[in-house]
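In: I need the structure of the sequence given here:
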Amino acid sequence: MPKKPAQNTTTDPTNEAPTLGVPEGKRTESASKVARVPSTLDAAGLMERRKSPRIATTPPAPDAPPKFDDYGPIVGEAELGEIRYVAETLRGRTVKMVNSTAVGGGVAEILNRLIPLMNELEVPTKWDVITGGNDFFEVTKGFHNALHGEKYDLTKAIEDIFLSYNEQNRSRMTFDEDVVVIHDPQPANLIKSRGQKKDQKWVWRCHIDLSNPHAGVWEFLRPMVEQYDATIWSSPAFTRQVRVPQYLFYPSIDPLSQKNKPVDESYVAKVCDDFGIDRNRPIITQISRFDRLKDPVGVVQAYKMARKYVDCQLVLAGGGATDDPEGAVVLAEVQEEAGNDPDIIILNLPPWSALEINAIQMASDIVIQKSLREGFGLTVTEALWKSKPVIAGAVGGIPTQVIHKLTGMLVQSVEGCAYQIRYLLTHPEFAAQLGRNGREHVRENFLITSNMKRWLLLYQILLGVAKKEKAA
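Out: Predicted coordinates:
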């Protein structure tokens, strides 16, 4: 399990939120005392911009990809040395990663950053994305929700759609690598191609919470999963009893990616002006796909409750993924719940908005991730890395990151979320301490370098490779 950041804790008399290292007599009761960078637009200009936010219509020029050595100042040279040591035993061993989308969602973000670094360390790694029609992605979205415990009517026709698209992808793809990694349920039946290379190993990487799955959907998928050589899970609580080895991998963020690297204050100010976000007032933000399991409607309701007691504005920023057909419907539900409230800013952002999301998170006073179900929740990791106080649903992998009252606040209801918004805005020193603790928690456990080391060690285990020490 991750290490808990060391911190002296004094319990608040309300027993609702402690004060971390802050003398009782020095608590600030008003968040208005926190220094803020003023917006360049006046109130009328901000309101007008919210009606027509300046959202980029074309992708920005990509950054030069970071080199492995660039992570030294963040994690230390000793950590990089350990990773190089393990990678030396795997030079020339080939790997293929397969998932269902090249953009949108945490899996695509991880692979976009992980694969170039693996190739730099001379462990050749390819990435392939399966294709499918709307009917296939409607089925897999239904599977996703069902595996998180939602009701679902699994029929023979649905099973046939799933299997036929897997077969189509299998017929067009080749699998001649030493290790093949299949991410999540969508491409699970590609395992039928196992054996195209001698001594090949197949791994199923599950990013979702299977602690309480729909029985029928899981029983349909389980025979596929049990054909793999290993399974990987994001939390011990997510696992199912299967007849293959299981490994624990925490997902990770790249601290040098556009979404997480340091950005200039001038750019943060520009993004806030482009979207009509008032930097003179507290900013509450949730970054997520418009997905019912992320509960954006519940976030709006919590904001409305908190707003009765504290001044704030709400930013809901997200978009969709190519394998998620429900996004537009959920966006409409959020807009209906928001109504005509001028201080609710809803941003439907394109996939290339990483820098803008970074700036919004940096400008925020509190970041929320009020999920009802969750795999791991990399938006939580991103916010913690930026030293932001986080309020999040106590579901999935979130409690691994948000240690209640130490690195953030866990909630289980709309009312609880509203209370914590109010509490953190009126106790800014406590909020700031949560942010500091959260950043160190991410540094120790959830950065891409830790993820790389886990993958390389797993390849060693599966392929029976180990570095032979020279005899004395």
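In: quick one, helices of the stretch 101-250 of the chain?
Out: Secondary structure of the stretch 101-250 of the chain (DSSP state H, counting those that start in this stretch): helices located at 106-120, 134-147, 156-172, 215-225.
In: got the contact list for H148?
Out: I208, D209, N212, P213, L293, R373 (Cβ atoms under 8 Å, 6 or more residues apart in numbering). In this view, the C-beta of every residue, glycine as well, is placed from N, C-alpha and C.
In: 6 Å - rerun?
Out: H148 sits next to D209, R373 when contact means Cβ atoms under 6 Å, 6 or more residues apart in numbering.
In: what's the least confident stretch among the helices of the stretch 101-250 of the chain?
Out: Among those, helix 106-120 carries the lowest mean pLDDT, a mean of 91.
In: Touching that helix from outside, list them.
Out: By Cβ under 6 Å, 6+ apart, the list of residues contacting helix 106-120 from outside reads 65, 68, 97, 99, 101-102, 125, 127, 183, 207, 254, 257, 378, 448.
In: if we can go back for a sec, and R49, which of the helices of the stretch 101-250 of the chain is closest to it?
Out: helix 106-120 (28.1 Å; Cβ to Cβ).
In: Now the closest one - C-alpha only, CSV.
Out: Output in CSV follows, covering the C-alpha atoms of helix 106-120 (Å, rounded to 0.1, in the frame of the first residue of the first chain):
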residue,chain,number,x,y,z
GLY,A,106,-6.8,7.6,-18.5
VAL,A,107,-5.6,4.5,-20.3
ALA,A,108,-4.8,6.4,-23.5
GLU,A,109,-3.1,9.1,-21.5
ILE,A,110,-0.9,6.6,-19.7
LEU,A,111,0.0,4.7,-22.9
ASN,A,112,0.8,8.0,-24.8
ARG,A,113,3.5,8.7,-22.2
LEU,A,114,4.7,5.2,-21.2
ILE,A,115,5.4,3.8,-24.6
PRO,A,116,8.0,6.4,-25.8
LEU,A,117,9.9,6.0,-22.6
MET,A,118,10.0,2.2,-22.9
ASN,A,119,11.3,2.5,-26.4
GLU,A,120,14.0,4.9,-25.2
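In: Could I get the full set of strands for this structure?
Out: 95-99, 125-129, 179-183, 201-205, 230-233, 246-248, 283-287, 313-318, 344-348, 366-369, 390-393, 409-411 (DSSP state E).
In: mind listing what's buried in stretch 187-198?
Out: By neighbour count on 16 or more other Cβ atoms under 10 Å, the buried set for stretch 187-198 is P187, A188, N189, L190, I191, S193.
In: repeat for stretch 146-156
Out: A146, L147, H148, G149, E150, Y152, L154.
In: do stretch 117-132 as well
Out: L117, M118, L121, V123, P124, T125, W127, D128, V129, I130, G132.
In: and if you look at stretch 71-89?
Out: Here stretch 71-89 shows Y71, V75, E79, L80, I83, V86, A87, T89 as buried, counting by 16+ other Cβ under 10 Å.
In: Where helices are concerned, which of those count?
Out: By the criterion of DSSP state H, membership of these in helices covers V75, E79, L80, I83, V86, A87.
In: Need those residues in a markdown table (columns: distance to Q313 and pLDDT).
Out: Listed next are these as a markdown table, based on distance: Cβ to Cβ, whole Å; pLDDT from 0 to 100:
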| residue | distance to Q313 | pLDDT |
| --- | --- | --- |
| V75 | 36 | 95 |
| E79 | 40 | 96 |
| L80 | 41 | 97 |
| I83 | 42 | 97 |
| V86 | 47 | 96 |
| A87 | 47 | 97 |
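In: Considering the residues you listed, which is situated nearest to S266?
Out: V75 (28.3 Å).
In: ok, now which ones touch the residue nearest to T379 when sequence neighbours are not counted?
Out: Nearest residue to T379, sequence neighbours excluded (Cβ to Cβ, 6 or more residues apart in numbering): I287, at 4.8 Å. I287 sits next to A317, I357, T379 when contact means Cβ under 6 Å, 6+ apart.
In: who touches the nearest residue to V271 once chain neighbours are set aside in this structure?
Out: Among residues not flanking V271 along the chain, A359 sits closest, at 3.8 Å (Cβ to Cβ, 6+ apart). By Cβ under 6 Å, 6+ apart, A359 lies in contact with V263, Y267, V268, V271.
In: List just the nearest of the residues you listed to P342.
Out: V271 (19.2 Å).
In: can I assume that closest one is in contact with E356?
Out: Yes: using Cβ atoms under 6 Å, V271 is in contact with E356, at 5.3 Å.
In: quick one, which of the two is more surrounded?
Out: The neighbour comparison of V271 against E356 (other Cβ atoms under 10 Å) goes to E356, with 28 against 21.
In: Check what pLDDT the more buried one gets.
Out: 96.
In: ok, now the one 3 residues further on?
Out: A359 is assigned a pLDDT of 97 by the prediction.
In: And K468, by the same measure?
Out: For K468, pLDDT reads 54.
In: how about the closest residue to S450 other than its chain neighbours, what does it touch?
Out: Nearest residue to S450, sequence neighbours excluded (Cβ to Cβ, 6+ apart): S252, at 6.2 Å. By Cβ under 6 Å, 6+ apart, the contact set of S252 is F446, L447, I448, N451.
In: Looking at those residues, spot the one nearest D278.
Out: F446 (31.4 Å).
In: How about the contacts made by that closest one?
Out: Y250, S252, T381.
In: and it, what pLDDT?
Out: For F446, pLDDT reads 95.
In: ok, of the contacts of helix 106-120, which come out buried?
Out: Buried, going by 16+ other Cβ under 10 Å: F68, M97, N99, T101, T125, W127, H183, H207, D254, S257, L378, I448, out of these.
In: do you know how far the second one is from D343?
Out: Going back to what we said before, that points to M97. 42 Å (Cβ to Cβ, to the nearest Å).
In: for the fourth one, same thing?
Out: Separation of T101 from D343 (Cβ to Cβ) stands at 33 Å.
In: cool, and the fifth one?
Out: Distance, T125 to D343, by Cβ to Cβ: 46 Å.
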